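Visitor: Here is my input; please provide its structure:
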Amino acid sequence: MQFKEREESAAQIGRTLKVDYLLSGSVRSVAGHLRVSAQLIRARDESLLWTSTYDQEAIDVLAIERDVGHAIANEVSLKLSVRQPRGAQHTGTLSPDAQNSYLKGRYYSTQESTAGLNLAIALFEESIRLARGFAPSYAGLAAAYVRLGHWLALPPKQSFPQAKLVALQALDLDDALAEAYTALADVLFLHEWSWNEAESNYQRALRLNPSSAQTLRSYAGFLLATKRHGESSMLTRRAQTTDPSSIYLSAFSAAQLYCTRQYAQSIEAAKRTLATDPGCSTAHLFLGLAYVQIGCFEEALRELKEAVTSVGLKSRQAHVAYALAVCGRVEQAEYILRELQEDSKSSYVSPWLFATVYAGLGRKDQAFDCLEECYRQREHDLVFSNVWPQFDGLRSDSRWNNLMRRIRLPSTG
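Guide: Residues are numbered from 1 along each chain as shown. As a prediction, this is how the structure comes out:
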């Protein structure tokens, strides 16, 4: 879609995207059928290598996708290095209800709200109920559970084991499905702290689908946590080239810059994201956190409060409390802290959030108590401990390196 309205030659587009071949096409609806025309073009000399037209009933969009993909693979004689996936033979027609549920689930899984993710989960589950052999629905469901866990919207013992279960079900149906390996890698990284196994699965996913923006972003997060910042930035740029319109990737870039202490650049990246999507909660969050680090506290509080409202997670008030603590408004910070403690009696509030507030207040013993509770519960944010600026004041304490050793992160002084 990036080049749809632009008058650029195939050679120019190929240079921009750094690719050798381009697939272009069009879709028309004709008397209840979808007619897909596709052309494969060599970018450097703009020669047409292959063209074909597909005409199928409009009720089976996913079957058309599969046919086009398989035809292109055959025409350019791709020699796949992986064995034939078990699920590759699943070419039965999905019912309109099953495919609609799946496609809607894909849409809502990209939304920056817990309501959107919960709806995506319900839609993927409906798609699975209607078509139990369709692996992408399981992979989509696994990814949605990972995001809910990542957002601290569900306890880790509810979100990540469920994500792993359905990711493995997806791979049992199709052992060459990159999205399923990515979801599995996310669980191994964020919850099980199995670093080598997680990286192996990210790499396998990229071998299967080198242009998957989802995999590139997730692997970039893994590399960020392990302080391989150059590699992480490279994968993020690659993902943005693959999917330049992704708000999720744009917001992740702001988070990445924040965690590498590039606060001015993080602020600019977050502002660019919000110029496109003013409701992006992740962009508001990291814009606010970056403002805290440079001492712009009123701006920080405004953005952090917006991050709470836009995502629909009251527990994110902890970030507001952290900012209040850092700027010296201790009584207000403690008021929010007491509210969250009361909320935690009846609903899930991550101990990691309490740790950030105590760190902002300078109460190290209480911060470490909360971090120990994070360890017991396997809270995923512990894997980013070495890059979160909120904890810079704790790193000289011997308890910090002890904790990092137990989750197998490299220790810092």
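Visitor: just the helices in the stretch 201-350 of the chain please.
Guide: Secondary structure of the stretch 201-350 of the chain by DSSP state H, counting those that start in this stretch: the helices cover 213-225, 229-242, 247-259, 263-276, 281-293, 297-311, 317-326, 330-343.
Visitor: Buried residues, the second one. List them.
Guide: Going back to what we said before, that points to helix 229-242. H229, S232, S233, L235, T236, R238, A239, Q240, T241, T242 (16 or more other Cβ atoms under 10 Å). Bear in mind the C-beta positions are built from the backbone N, C-alpha and C, glycine included.
Visitor: coming back round to it: can you redo the helices of the stretch 201-350 of the chain as JSON lines with distance to Q111 and mean pLDDT?
Guide: Listed next are the helices of the stretch 201-350 of the chain as JSON lines, based on distance: least, Cβ to Cβ, whole Å; pLDDT from 0 to 100:
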{"stretch": "helix 213-225", "distance to Q111": "15", "mean pLDDT": "96"}
{"stretch": "helix 229-242", "distance to Q111": "19", "mean pLDDT": "94"}
{"stretch": "helix 247-259", "distance to Q111": "10", "mean pLDDT": "94"}
{"stretch": "helix 263-276", "distance to Q111": "15", "mean pLDDT": "96"}
{"stretch": "helix 281-293", "distance to Q111": "10", "mean pLDDT": "96"}
{"stretch": "helix 297-311", "distance to Q111": "10", "mean pLDDT": "92"}
{"stretch": "helix 317-326", "distance to Q111": "20", "mean pLDDT": "96"}
{"stretch": "helix 330-343", "distance to Q111": "24", "mean pLDDT": "96"}
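Visitor: The ones you listed: which one's closest to L403?
Guide: Proximity to L403 (Cβ to Cβ) singles out helix 213-225 among those, at 14.4 Å.
Visitor: what helices or strands is the closest one leaning on?
Guide: Applying 3 or more Cβ pairs under 8 Å, 6 or more residues apart in numbering; DSSP states H and E, one finds that helix 213-225 contacts helix 178-190, helix 195-208, helix 229-242, helix 247-259.
Visitor: just checking, what packs against the first one?
Guide: The reference is to helix 178-190. With contacts taken as 3+ Cβ pairs under 8 Å, 6+ apart, helix 178-190 sits against helix 135-150, helix 156-173, helix 195-208, helix 213-225.
Visitor: That helix vs helix 156-173, what angle?
Guide: Between helix 178-190 and helix 156-173, the angle comes out at 150 degrees (axes from the mean of the first three to the mean of the last three Cα atoms, to 10 degrees).
Visitor: tilt between helix 178-190 and helix 135-150?
Guide: Using the same axes, to 10 degrees: helix 178-190 against helix 135-150 is 30 degrees.
Visitor: same thing with the third one?
Guide: Here helix 229-242 points in a direction 130 degrees away from that of helix 135-150 (the same axes, to 10 degrees).
Visitor: Quick check: which of the helices and strands packed on helix 178-190 is buried the most?
Guide: Ranked by mean neighbour count under mean count of other Cβ atoms under 10 Å, the helices and strands packed on helix 178-190 are led by helix 135-150, which reaches a mean of 26.
Visitor: what's the distance between A355 and R405?
Guide: Separation of A355 from R405 (Cβ to Cβ, to the nearest Å) stands at 18 Å.
Visitor: can you check S200 too?
Guide: Relative to R405, and taking Cβ to Cβ, S200 is found at 22 Å.
Visitor: In JSON lines: the helices and strands packed on helix 213-225, plus distance to G133.
Guide: As requested, the helices and strands packed on helix 213-225 are exported to JSON lines (distance: least, Cβ to Cβ, whole Å):
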{"stretch": "helix 178-190", "distance to G133": "14"}
{"stretch": "helix 195-208", "distance to G133": "19"}
{"stretch": "helix 229-242", "distance to G133": "29"}
{"stretch": "helix 247-259", "distance to G133": "29"}
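Visitor: I121 is nearest to which of the ones you listed?
Guide: Nearest of those (Cβ to Cβ): helix 178-190, 13.0 Å.
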